[in-house]
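Peer 1: build the 3D model from these lines:
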Amino acid sequence: MDYQTLRVAIEAGVGVITLNRPDVMNALSKQMRAELTHALRHFAGDVRVLVLTGEGRAFCSGQDLCSGGNATQIDLERTLREEYEPMLRAIYNAPVPVIAAVNGVAAGAGANLALAADVVIAAESASFIQAFSRIGLIPDAGGTYFLPRQIGFARAMGAMLFAEKISARQAAEWGMIWETVPDADFAATWQARAATLAHGPTIAYRNIRRALRTSLSNTLDGQLALEASLQSEAGKTRDFQEGVLAFLDKRPPQFEGR
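Peer 2: Numbering: from 1, shown residues only. All right, here's what the predicted structure looks like:
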C-alpha cells in the first residue's frame with residue numbers, strides 16, 4: 001500500500017510508523033486512520049517491536065476538524081466504531097510491544113492514541129491534553145478506559161473536565177507514561193528502547209502484556225492460574241533455554257524471539 005499520510009520504515013526488527021501530516025500537526029483524517037490501521041496490522045508480523053511517532057512539532061493533534069466537510073455533521077458514533085476502534089485495537093492487540101514516541105503535543109484522540117501503546121516515551125517539550133470538553137464532547141478513542149487505569153480516577157476526572165495541558169514531566173510523575181527525556185536525547189532514547197525490545201524474548205513480552213492487562217479485572221486465583229499457564233508456555237521457548245545458558249555462562253543472551 002502506498003501511504004499518503006504515513007512513513008513506514010523497518011530495520012533490525014524495529015518497525016517505525018511516523019504520522020506525516022506536519023502542516024496540520026498530524027491531525028487524524030479519515031485517510032490517516034485507515035492507513036494507520038492497515039500499517040499496524042500489515043507490519044506487526046514482520047517486526048519484533050513497533051514504534052509510533054509524529055513528524056514535526058506534534059505527535060498528533062487529534063481528530064481533523066477541518067477536513068471532510070462540516071465537523072458538526074459527522075456521524076460520531078459510526079466514525080468511532082468503524083474507524084477509531086479498528087485502529088486502537090490494532091495497537092492494543094499487536095503481537096509485539098508497541099512504543100509511542102511522543103515528540104510533541106498529543107491532544108484529544110492523539111493523546112489517547114499514544115496511551116493505547118504499551119510504553120510511552122515523551123520528549124521533555126511534549127504535552128498531553130484531553131481537549132474534548134473544550135468543544136463539548138467527551139473523551140473517546142479509549143481515553144476513558146486507559147487514563148483512569150494509568151493515573152487513577154481523581155486525576156483522570158480532573159484532566160478530562162478541565163482539559164488542561166499536562167506536561168511530559170508531569171505525565172511521567174503521575175504514571176501516565178513510562179519516561180520523559182530531554183529533547184536532545186529523545187530520538188536516541190526511543191531508538192535504544194526499541195532496539196532493546198527488538199532483541200528481547202518476544203514471546204515473554206507478549207505474555208507479560210497479556211498477564212498485566214488481565215490482572216486489572218481478574219481474581220487472585222484466576223491470575224495465579226493464568227501466570228502458571230503463561231509461564232509454562234514461556235518455559236518451552238528457545239529464548240528461555242538461551243536465557244538460562246547465558247546466565248550460567250555469564251554472557252548477554254542472544255534471544256531469537258521464539
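Peer 1: tell me where the stretch 101-250 of the chain has helices.
Peer 2: Taking DSSP state H, counting those that start in this stretch to define them, one finds helices in the stretch 101-250 of the chain at 109-115, 143-151, 153-162, 168-174, 183-198, 202-215, 220-235, 238-249.
Peer 1: so for residue 38, which of those helices sits nearest?
Peer 2: In terms of C-beta to C-beta, the element of those nearest to residue 38 is helix 109-115, at 15.3 Å. Every C-beta, even on glycine, is put in place using the N, C-alpha and C of the backbone.
Peer 1: can you add mean neighbour count and give the helices of the stretch 101-250 of the chain back as TSV?
Peer 2: Output for the helices of the stretch 101-250 of the chain, formatted as TSV (neighbours: other C-beta atoms under 10 Å):
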stretch	mean neighbour count
helix 109-115	28
helix 143-151	18
helix 153-162	15
helix 168-174	19
helix 183-198	17
helix 202-215	17
helix 220-235	12
helix 238-249	13
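Peer 1: closest to residue 47 out of those?
Peer 2: Short answer: helix 183-198, nearest of those by C-beta to C-beta, at 7.2 Å.
Peer 1: what about the closest one, distance to the chain center?
Peer 2: 15 Å (C-alpha atoms, centre = their mean, to the nearest Å).
Peer 1: model confidence for residue 65, exactly?
Peer 2: pLDDT recorded at residue 65 is 83.
Peer 1: got it, and residue 50?
Peer 2: Looking at residue 50, the pLDDT reads 97.
Peer 1: wait, is it part of a strand?
Peer 2: Yes. Under DSSP: H, G, I helix; E, B strand; the rest coil, residue 50 falls within a strand.
Peer 1: pretty sure it is touching residue 98, no?
Peer 2: Yes. Look at residue 50 against residue 98 with C-beta atoms under 8 Å: they come within range, at 4.8 Å.
Peer 1: which of the two has more residues huddled nearby?
Peer 2: residue 50 (29 against 24; other C-beta atoms under 10 Å).
Peer 1: that one pairs with what?
Peer 2: residue 15, residue 98 (DSSP bridges).
Peer 1: shaky segments in the stretch 101-250 of the chain?
Peer 2: Applying pLDDT under 70 to the stretch 101-250 of the chain flags no residue at all.
Peer 1: pull the contacting residues for the residue sitting nearest the centre point of the chain.
Peer 2: Closest residue to the average C-alpha location of the chain: residue 117 at 1.7 Å, with C-alpha atoms, centre = their mean. When the contact criterion is C-beta atoms under 8 Å, 6 or more residues apart in numbering, the partners of residue 117 are 52, 91, 98, 99, 100.
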